[in-house]
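Trainee: what follows is a protein structure lacking sequence information:
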């Protein structure tokens, strides 16, 4: 297993961007995916999804519930325990023009902010001016709430918008989202949307959430963890495989394709993470006994490697992992199949090798694996750089 000590291998902060020794470009991470392979619904059972075992040169087709038998006693599985919130809310401007907010983050209470401020993506034909009030879910007078636009975030020309929310009974942003919001399914999952009632199918409310989701704040699920059910977790425990958790609140930026051919010009989105003390202790025990750290999902990888690079157990990270990155913590990675030209394609290529990943994706397409959030999974082993 990799030996690690946070912050010792590099003085770089968690926001550092790492570049490849060879000049990879955006086009290197493109591939053609038949649209019928984009999963629109989850498998009938969580652990009944397929698992592409990509640890060796030759891929092996398996079922996800076989995973415990592929690991060893003493290994440590690390999950992201974030919880997806109902962050998508419909409303209108004072003029009557329709708009939609996707609340990315609830800002902590501080001087000047009593705890009702959020930052959000805004979808509208003509953006309102700072100071304007928009009426969400019918507006405050109709049982919804009002939102006053304070400006852009995190800077005056930033990509997100800062709002102060005002409900009829002084509810917190979390309560307003739970009451009036909708589950923010990924853009490639097609559902009929109707702003007059809750459009979320019961299936999505249950299945687009992990069985161990605890800390609310994500607008997208850590999808590799969606395959775990109680039977698989029990099998892992029976085999002496330890579990630990981190938290990274997945943002909508995870679905944004990279638009610059030169990867060094890409501006990575920011996400908040935390590595609890209990997990730091579990990582140390794993190292001492010679076990392997198995990251469940790319969000867990980003969390652990951000901590290792910065020494900070919590904070914001904009870490951008491309081929050439030197991993300090993670030995195995369980992940779903990712979008072409995405930062996650670059991350898995850095982890398991570019040529190997592209070969696995060709195999997955030929064997008709199901792709993206509700799709199948893949198990990868880290290659040495």
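Mentor: Thanks, I have the structure now. On a predicted model such as this, the values are computed, not experimentally measured, just so you know.
Trainee: OK, contacts around the closest residue to residue 182 other than its chain neighbours?
Mentor: The spatial neighbour of residue 182 that comes closest, neighbours along the chain excluded (CB to CB, 6 or more residues apart in numbering), is residue 88 at 4.5 Å. From N, CA and C alone the C-beta is placed, and that goes for glycine too. Residues in contact with residue 88, defined by CB atoms under 8 Å, 6 or more residues apart in numbering, are 100, 101, 102, 181, 182, 183, 184.
Trainee: secondary structure class for the most centrally placed residue in the chain?
Mentor: The centroid of the chain falls nearest to residue 250 when counting by CA atoms, centre = their mean (3.7 Å). State at residue 250, reduced to three classes by DSSP: H, G, I helix; E, B strand; the rest coil: coil.
Trainee: ok, it touching residue 218?
Mentor: Yes. At 4.3 Å, residue 250 and residue 218 qualify as touching, with contact defined as CB atoms under 8 Å.
Trainee: now the common contact residues for those two.
Mentor: 82, 84.
Trainee: show me where the stretch 101-250 of the chain dips below the pLDDT cut-off.
Mentor: 192-201 (pLDDT under 70).
Trainee: for it, which segments are assigned as helices?
Mentor: In the stretch 101-250 of the chain, the helices defined using DSSP state H, counting those that start in this stretch lie at 173-180, 202-207, 230-238.
Trainee: and residue 33, what element?
Mentor: Residue 33 is part of no helix or strand when elements are defined by DSSP states H and E.
Trainee: so what's it up against?
Mentor: 340, 365, 371.
Trainee: next one: it from residue 364, what distance?
Mentor: 10 Å (CB to CB, to the nearest Å).
Trainee: now do the strands in the stretch 101-250 of the chain.
Mentor: Using DSSP state E, counting those that start in this stretch, the strands found in the stretch 101-250 of the chain span residues 117-124, 133-136, 145-153, 160-166, 215-218, 242-248.
Trainee: okay, these in TSV with mean neighbour count and distance to residue 264 next?
Mentor: Output for these, formatted as TSV (neighbours: other CB atoms under 10 Å; distance: least, CB to CB, whole Å):
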stretch	mean neighbour count	distance to residue 264
strand 117-124	19	25
strand 133-136	21	38
strand 145-153	20	25
strand 160-166	21	23
strand 215-218	20	28
strand 242-248	23	24
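Trainee: I'd like those laid out as TSV, including distance to residue 62.
Mentor: TSV is the format used below for the strands of the stretch 101-250 of the chain (distance: least, CB to CB, whole Å):
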stretch	distance to residue 62
strand 117-124	38
strand 133-136	46
strand 145-153	44
strand 160-166	40
strand 215-218	28
strand 242-248	21
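Trainee: can you say which of those is nearest to residue 174?
Mentor: When the strands of the stretch 101-250 of the chain are compared by CB to CB, strand 215-218 sits nearest residue 174, at 6.5 Å.
Trainee: distance from that closest one to the middle of the chain?
Mentor: 11 Å (CA atoms, centre = their mean, to the nearest Å).
Trainee: mind giving me the packing neighbours of it?
Mentor: Applying 3 or more CB pairs under 8 Å, 6 or more residues apart in numbering; DSSP states H and E, one finds that strand 215-218 makes contact with strand 82-84, strand 242-248.
Trainee: touching the longest one from outside, list them.
Mentor: The contact list for strand 242-248, computed with CB under 8 Å, 6+ apart, reads 74-82, 212, 214-215, 217-218, 222, 233, 236-237, 271-276, 278-279, 282-283, 285-286, 291, 299-300, 302-304, 317.
Trainee: let me see the mean pLDDT of the helix or strand that that strand is followed by.
Mentor: Going down the chain from strand 242-248, the next helix or strand is strand 271-274, by DSSP H and E. The average of the pLDDT scores along strand 271-274 is 96.
Trainee: partner strands of strand 271-274, parallel or antiparallel?
Mentor: Paired with strand 271-274 in the same sheet, following DSSP bridges, are strand 242-248 (antiparallel), strand 314-317 (antiparallel).
Trainee: now tell me what touches it from outside.
Mentor: By CB under 8 Å, 6+ apart, strand 271-274 touches 105, 217, 246-251, 253, 299, 302-303, 306-307, 313-318.
Trainee: can you count the residues close to the residue lying closest to residue 97 once chain neighbours are set aside?
Mentor: In space, and not counting its chain neighbours, residue 97 is closest to residue 125: 6.2 Å by CB to CB, 6+ apart. Here the count is done by other CB atoms under 10 Å, and residue 125 has 8 residues near it.
Trainee: my guess is residue 125 contacts residue 100. True?
Mentor: No. Here residue 125 lies out of contact with residue 100, judged by CB under 8 Å, at a distance of 11.0 Å.
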